[in-house]
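[1] Provided below are the primary sequence and the corresponding predicted coordinates.
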Amino acid sequence: MSRPLLVVDGDSFAHRAYHALPKTIRRRDNKGAGAIIGFANFLLRLYEDECPRAVVVAWDTLESPTYRHRAFADYQAGRHFDPELLEQLGVLPQFVTACGFAFAKAPGYEADDLLAAAAAREERRGGRVLVATGDRDSFQLASKKTTILQPSGGGEIARIGPAQVRERYGVDPCQVPDFIALRGDASDKLPGARGVGAKGAATLLRRYGSLESALRDGRFTMQAEKLRLYRSIATMDKSAPVPPLRSQTPTWDKAAALARRWELNRLGDRLENLAKQRKTQKKPRRGFR
């Protein structure tokens, strides 16, 4: 079986690491390092576990609004990021590049859009995709060729395909944006349809197949345009710009050197060990004389 493309939601895992690890973890010049360490360890674990042919890490461009923010003023309103987290988010793409991996970041697009675009491109070329993210909006990407890797309790990672989406939400992956529009999404400040929760949204979609069909049947007449807007906001943009996704050879030695410059020596040790293992694996075996 061909090796998969690994697509990683960088912001999702950096945020998780920042809030999970002690703020006492520091790097050179007494700068914060918890998000860097946590993200790096998770990325290396994924690489070792999944053996992908290539890795692309997607990032939000926080200083640039997306069409979602322009279309819906309350979208993600009230979010606040600590300056130390923002500083680490700014340098993490350097680490990704040092590892020999690709990263995707573009003004006007969220990491979600870049995940979707990378997955769609890999599917078109006939490849398999693993999308690592903590964001359940990504369930809309699940398919025969694309599996979502979602962190669960105790350090485990759940593998989400179409069957798991149906089990959890009661809808098919292609219906997830409609489901979110109807149910709402508190984290993104989408209110959803009045009086409709998760069960109600799933029931409606099983009956009508789509939000648009329900609207054509006269449901939610007074909320129709808002619900269409919420669906648009919940839909990942597969046309987002992503870099070439050629097969890669990790450059663990370069990543180790960067970790040393940041004075993150335990991370440097781990990367140097990976570099040594790779060199050992590449040595040709001696034949018998």
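    Alright, I've got the coordinates.
[2] C-alpha from now on. contacts and neighbour counts both.
    Fine.
[3] I figured Thr146 hits Arg124, correct?
    No - using C-alpha atoms under 8 Å, Thr146 is not in contact with Arg124, being 11.5 Å away.
[4] Just want to know which of those two has more residues nearby.
    Between Thr146 and Arg124, counting by other C-alpha atoms under 10 Å, Thr146 is the more crowded of the two (24 against 9).
[5] Enumerate every residue touching Ala106.
    Counting by C-alpha atoms under 8 Å, 6 or more residues apart in numbering, Ala106 touches 60-61, 241.
[6] Using the three-state scheme, assign it.
    Secondary structure, DSSP: H, G, I helix; E, B strand; the rest coil: Ala106 is coil.
[7] and it, how far is that from Pro22?
    Remark: distance between Ala106 and Pro22 (C-alpha to C-alpha, to the nearest Å) = 30 Å.
[8] Over to Leu43?
    Separation of Leu43 from Pro22 (C-alpha to C-alpha): 19 Å.
[9] ok, now Gly34?
    Gly34 sits 7 Å away from Pro22 when distances are taken as C-alpha to C-alpha.
[10] what's the answer for Gln175, then?
    Using C-alpha to C-alpha, Gln175 is found at 39 Å from Pro22.
[11] any low-confidence regions in the stretch 151-289 of the chain?
    For the stretch 151-289 of the chain, applying pLDDT under 70 flags the ranges 282-289.
[12] So for Gly34 and Pro22, which sits in the more crowded spot?
    Set Gly34 next to Pro22 and count neighbours by other C-alpha under 10 Å: Gly34 wins out with 26 against 13.
[13] Hmm, that one is touching Arg27, no?
    No - in this structure Gly34 lies outside contact range of Arg27 using C-alpha under 8 Å: 9.0 Å.
[14] Same question for the host helix or strand of Gly90: list its buried residues.
    Gly90 is located in helix 83-98, with elements delineated by DSSP states H and E. Going by neighbour count (16 or more other C-alpha atoms under 10 Å), the buried part of helix 83-98 is 84-85, 88-89, 92-93, 95-98.
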